[in-house]
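This is a predicted model, with the sequence first.
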Amino acid sequence: MYAISLGDDGAELRPLEPWHAEEFLDNLERGRQFINQYIPFGSRVTDLDTARETLQRYAGMRAADTASYHGIWLDGKLVGGVLTLAFDAEQGTCEVGCWLEPGATGRGLITRAMRVLIDWAVEERGIHRVEWVAASGNTPSIDVARRLGMTRDGVRRAAHLHHGVRHDLEVWSVLAPEWRAAQARTAHNER
């Protein structure tokens, strides 16, 4: 398939497919407590069968053009990923999300991978609005939205019940013209 370099540190973005079930489960086991602080991502993945089922479900959604998973490998080890969900090419909208195990944080991996994913969504698929939703307390996630040039659209107060606590959800977005303008500025500054 594809492997997209995310820089000089050995990081790559690749498809995350059902045959990666063991790596996916290992990644979630290493990061489960960290990843699940604000979202239940991967909480139903508890063994090889449920890991395979989850990846197969996303493979089906990718085939239906409604969602996709993409893994981030660092020096050959799956350490996290980025995803699209609620992908609607006809309406030109999608939501993006991510996960990362704690040992891989602080390297800009999510920001770099998300730039690739958003650029693909906007330029290849014609998505007009890319949305990012994060719990207000999830500062690292909100920081990524800011680094990506997203605008905070608002807060859905007490909208997410997780571990018995109601969390506010912040909605961030970037529109295709904004994304293209930011990419052009970055390219100009790199000259």
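Structure's in. What do you need? Numbers count the residues shown, from 1 in each chain.

Which residue ranges of the chain form strands?
Ranges of strands in the chain, per DSSP state E, are 4-5, 11-15, 68-74, 77-88, 93-100, 129-135, 151-162, 165-175.

Quick one, which of the ones you listed gets closest to Tyr38.
strand 129-135 (4.0 Å; C-beta to C-beta). In this view, the C-beta of every residue, glycine as well, is placed from N, C-alpha and C.

Figure out how far the closest one is from the centre of its chain.
10 Å (C-alpha atoms, centre = their mean, to the nearest Å).

what does stretch 57-66 give?
With C-alpha atoms, centre = their mean, you get 16 Å for stretch 57-66.

in it, what's buried?
For stretch 57-66, the neighbour count (16 or more other C-beta atoms under 10 Å) marks 58-59, 61-62, 66 as buried.

and if you look at stretch 156-174?
For stretch 156-174, by 16+ other C-beta under 10 Å, it's 160, 167, 169-174.

again, but for stretch 174-181
174-176, 178-179.

how about a markdown table for these, with pLDDT and distance to Glu22 added?
Formatted as a markdown table, the buried residues of stretch 174-181 follow (pLDDT from 0 to 100; distance: C-beta to C-beta, whole Å):
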| residue | pLDDT | distance to Glu22 |
| --- | --- | --- |
| Val174 | 98 | 35 |
| Leu175 | 97 | 39 |
| Ala176 | 97 | 38 |
| Glu178 | 96 | 39 |
| Trp179 | 96 | 35 |
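
Now do stretch 89-99, average pLDDT.
The average pLDDT within stretch 89-99 is 96.

Repeat that for stretch 125-136.
96.

ok, the residue lying closest to Phe34 once chain neighbours are set aside to Ala51 distance?
Closest residue to Phe34 apart from its sequence neighbours, by C-beta to C-beta, 6 or more residues apart in numbering: Pro102 at 4.3 Å. Distance of Pro102 to Ala51, given as C-beta to C-beta, to the nearest Å: 19 Å.
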